[in-house]
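[1] predicted model follows, preceded by the sequence.
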Amino acid sequence: MNKVSILVVSASFLALAACGEQDNATAGMEAVEEKVVAGSEMVAGDTTEAAEMEEKPSMELSRVRTITAEVLSVDHETRLVSLSDGDGGAVMFTAGENVRNLAQVEPGDLLEVNYLQSVAVEVVDGKGLQAIAAEVTDAVRAEDGEMPGAAVVNTTVEIFMVEDINLENNTFKLKNVAGEINEFLARNPENLKKSKVGDSVIITTTEAVAIEVRELEAE
């Protein structure tokens with residue numbers, strides 16, 4: 001079997017590779033879009049046993065999804081690819097020019113997509129910090145002649161400033177990079193007692209997608 005390596009794949013290749021798992025993929029993206037609100041609530045929610053030993057609340061959540069589809073056909077001239085949708089049907093798309101080494105792909109090969117999503121939330125002393133939002137994306141690709149694949153990692157770091165804590169009402173307020181202040185209801189009042197006005201809430205969201213095409217091993 002050829003060595004599987006990594007390249008940047010076209011958006012259509014990535015989107016349609018999820019054959020039969022569109023609902024799960026959509027749910028994953030919705031979770032990312034709501035990370036600010038969900039992350040803020042997580043700070044005031046349940047913490048891990050290790051976090052409870054720390055002075056400030058913190059927690060991390062992650063999940064991994066794996067999707068596998070068989071290549072039914074591939075036209076190397078038109079770059080039209082057909083993948084099994086897992087239900088007896090097929091999904092067809094045209095691979096973009098940035099899908100390198102398509103000539104290595106043949107019917108019967110397997111396309112595997114691994115999707116990792118994680119959210120880490122930490123309350124820290126806010127001295128010297130300010131509300132920010134930053135994003136970094138890294139991607140690598142295969143060498144010529146190797147089987148196609150893909151790896152893209154996107155990391156977003158957001159810092160919110162704690163503007164108010166109301167123990168009586170069990171609420172807290174956070175200021176974002178735009179200067180907007182939003183109020184949240186704490187799920188765990190004890191975590192509010194571990195925080196103070198002037199602290200920072202750091203939310204780190206990581207999404208990683210790895211795609212690889214490999215030959216079906218002979219039985």
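    All right, it came through fine. Being a predicted model, the structure only gives us computed values, none of them experimental.
[2] can you map out the helices along the chain?
    11-16, 22-33, 35-43, 49-52, 189-193 (DSSP state H).
[3] quick one: mean pLDDT over the longest one.
    Per-residue pLDDT values across helix 22-33 average out to 38.
[4] I'd like to know how far the residue lying farthest from the centre of the chain sits from Lys196.
    Most distant from the centre of the chain: Glu168, at 36.2 Å, with distances by C-alpha atoms, centre = their mean. According to C-beta to C-beta, to the nearest Å, Glu168 and Lys196 sit 16 Å apart. All C-beta atoms are positioned from the backbone trio N, CA, C, and that covers glycine.
[5] also Ser84?
    Here the criterion is C-beta to C-beta. By it, Ser84 lies 55 Å from Lys196.
[6] compare those two (neighbour count), which wins?
    Neighbour count, other C-beta atoms under 10 Å: between Ser84 and Lys196, Ser84 has more, with 18 against 13.
[7] from what I see, that one and Pro107 are in contact.
    No: Ser84 lies out of contact with Pro107 (C-beta atoms under 8 Å); the separation is 10.5 Å.
[8] so what sits against both of these two?
    Counting by C-beta atoms under 8 Å, 6 or more residues apart in numbering, the shared contacts of Ser84 and Pro107 are Val71, Leu72.
[9] name the helix or strand of this structure that has the lowest mean pLDDT.
    When the helices and strands of the chain are scored by mean pLDDT, DSSP states H and E, helix 11-16 comes last with a mean of 32.
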